[in-house]
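1. My questions concern the predicted model and sequence given below.
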Amino acid sequence: MKKYVASLAFLTVAFSGFSQKYEFQTVKDLECEPVISQGQTGTCWSFSSTSFLESEIYRINGKHIDLSEMYNVRHTYPKKAWNYIMRQGNAQFGEGGLNHDVINSARDFGIVPVSAFSGMTEGQKAHNHAQMVKELDALVKENAKKPDPAWQNKVDAVLEKYMGKDVTGFTYEGKTYTPKSFLEMTKLKLNDYVTITSFTQSPFYSNFILDIPDNFSYGKMYNVPLDEFIANINNALDKGYTLALDADVSERTFSGKYGIAVVPQNEADEKLILTEIKPEKEITQQFRQAEFENFNTTDDHLMHIVGKVKDQKGNVYYKVKNSWGSDPEKVANGGFVYMSVPYMRLKAISVMVHKKALLSKTKKELDL
């Protein structure tokens, strides 16, 4: 009888070892503003980067400021329209963008709190750009054939119709600001932010333009080996710096519903791995590159890395702030996604971070 009970106990432990539900424990948790929703828009690039800047403001001066994501969007659309029309339609025009587009917008036009510019018209409760994008798309396509001298005014009119009037001055906490003086008040130094990536079509430690559709502004990124790319993410978090992330979320094993992003070693585990710990694939530089070149990895979505967690087996995951809201009926973990190291190695297109957060070796190689 004792032998039977012991055998049963052994089988129970063995079985649980192969099918353990995730139990997460915090490893590193950095300050960020609450998860919000980008609504029916393709503006994750602004939500990601704006959240990143909010965390930077807190890191620099301890202030919690809810910045306007849509202020950056409103000032980026005219740039997209110019690029498309002046290239006579031989360019990308859409809702997408990258982290550096918010930095460029802030540099040119400053930043504002959401209380000064919500990006919504009277009575609107959620962001929805479907009709606005439809009208802008028709406008730029028409003007790419034969430009109307007033096309820029027409673009602005559409933006004002759906997002509201531009902001030139406002009051915040009893003080009057312009968007540029507000930026100055936050003490953000925009030239301190760099984007790093890891692909082999350009030499490592070069500064190159990554050829992806949403890089309409032809922003440059620093290229580093994959192991060093991940080491820099870890170094930044360890030093108290968050990172803005561009990644591929088209995989079935990226799930907002379950709050997990993983790369199963076996395809048969694709479903189970969303709720149970399963072995993950080893990601090499060569495999990452192949998946990028065959379009299995594309820049689908931008988010914000704000910490780390680990499961009961010691596997580490990055805590990634998403912009799909926090409704527990739709998303897990309050709207955060726990992204495994293999997923980050394979599916992260790039990260933007303060240059002081980089490894000394990387800064030296990049001459930063």
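-> Nice, I can see it.

2. For the stretch 101-250 of the chain, just list every one of the helices.
-> 130-145, 151-163, 179-186, 226-238 (DSSP state H, counting those that start in this stretch).

3. can you put those helices in a markdown table and add mean pLDDT, distance to residue 75 and mean neighbour count?
-> Every C-beta, even on glycine, is put in place using the N, C-alpha and C of the backbone. A markdown table is the format used below for these (pLDDT from 0 to 100; distance: least, C-beta to C-beta, whole Å; neighbours: other C-beta atoms under 10 Å):
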| stretch | mean pLDDT | distance to residue 75 | mean neighbour count |
| --- | --- | --- | --- |
| helix 130-145 | 97 | 14 | 16 |
| helix 151-163 | 97 | 9 | 17 |
| helix 179-186 | 98 | 9 | 18 |
| helix 226-238 | 98 | 28 | 19 |
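
4. Looking at those helices, which is nearest to residue 170?
-> Closest of the helices of the stretch 101-250 of the chain to residue 170 is helix 179-186, at 7.9 Å (criterion: C-beta to C-beta).

5. Off-centre distance for stretch 240-255?
-> Averaging C-alpha positions (C-alpha atoms, centre = their mean, to the nearest Å) puts stretch 240-255 7 Å from its chain's average.

6. Which positions in that stretch come out as buried?
-> Residues 241-249, 251, 253-255 are the ones in stretch 240-255 that count as buried (16 or more other C-beta atoms under 10 Å).

7. Stretch 59-72 now?
-> So for stretch 59-72, counting by 16+ other C-beta under 10 Å, buried means 65, 67, 68, 69, 70, 71, 72.

8. which non-adjacent residue is nearest residue 345?
-> Leaving aside its sequence neighbours, residue 345 sits nearest to residue 283 (C-beta to C-beta, 6 or more residues apart in numbering; 3.9 Å).

9. wait, the one you found sits on residue 263?
-> Yes. If you go by C-beta atoms under 8 Å, residue 283 and residue 263 touch, sitting 6.9 Å apart.

10. what's the overlap in contacts for those two?
-> 342, 346 (C-beta atoms under 8 Å, 6 or more residues apart in numbering).

11. Adding distance to residue 80, write the helices of the stretch 101-250 of the chain out as a markdown table.
-> Listed next are the helices of the stretch 101-250 of the chain as a markdown table, based on distance: least, C-beta to C-beta, whole Å:
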| stretch | distance to residue 80 |
| --- | --- |
| helix 130-145 | 8 |
| helix 151-163 | 9 |
| helix 179-186 | 20 |
| helix 226-238 | 28 |
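
12. so which of these comes closest to residue 37?
-> Nearest of the helices of the stretch 101-250 of the chain to residue 37, taken as C-beta to C-beta: helix 130-145 at 15.1 Å.

13. Between helix 151-163 and the closest one, find me the angle.
-> 170 degrees (axes from the mean of the first three to the mean of the last three C-alpha atoms, to 10 degrees).

14. and stretch 118-129, which residues are buried?
-> With burial defined by 16+ other C-beta under 10 Å, the residues of stretch 118-129 counted as buried are 118, 119, 120, 127, 129.

15. Lowest-confidence one in the buried residues of stretch 240-255?
-> Taken together, the buried residues of stretch 240-255 show their lowest pLDDT at residue 251, with 93.

16. what's the nearest residue to it if we skip its chain neighbours?
-> Leaving aside its chain neighbours, residue 251 sits nearest to residue 347 (6.9 Å; criterion: C-beta to C-beta, 6+ apart).

17. Contact partners for that neighbour?
-> 247, 248, 249, 251, 254, 261, 263, 297.

18. what's the spacing between it and residue 283?
-> Applying C-beta to C-beta, to the nearest Å, the value for residue 347 to residue 283 is 9 Å.

19. Give the residues shared as contacts by those two.
-> In the contact map built from C-beta under 8 Å, 6+ apart, the residues linked to both residue 347 and residue 283 are residue 263.

20. circling back: so which pair among the buried residues of stretch 59-72 is furthest apart in space?
-> Top of the distance list for the buried residues of stretch 59-72 (C-beta to C-beta): 65 and 70, 15.3 Å.

21. Low-confidence ranges, the stretch 1-150 of the chain, go.
-> 1-19 (pLDDT under 70).

22. so where do the strands sit in it?
-> 25-29 (DSSP state E, counting those that start in this stretch).
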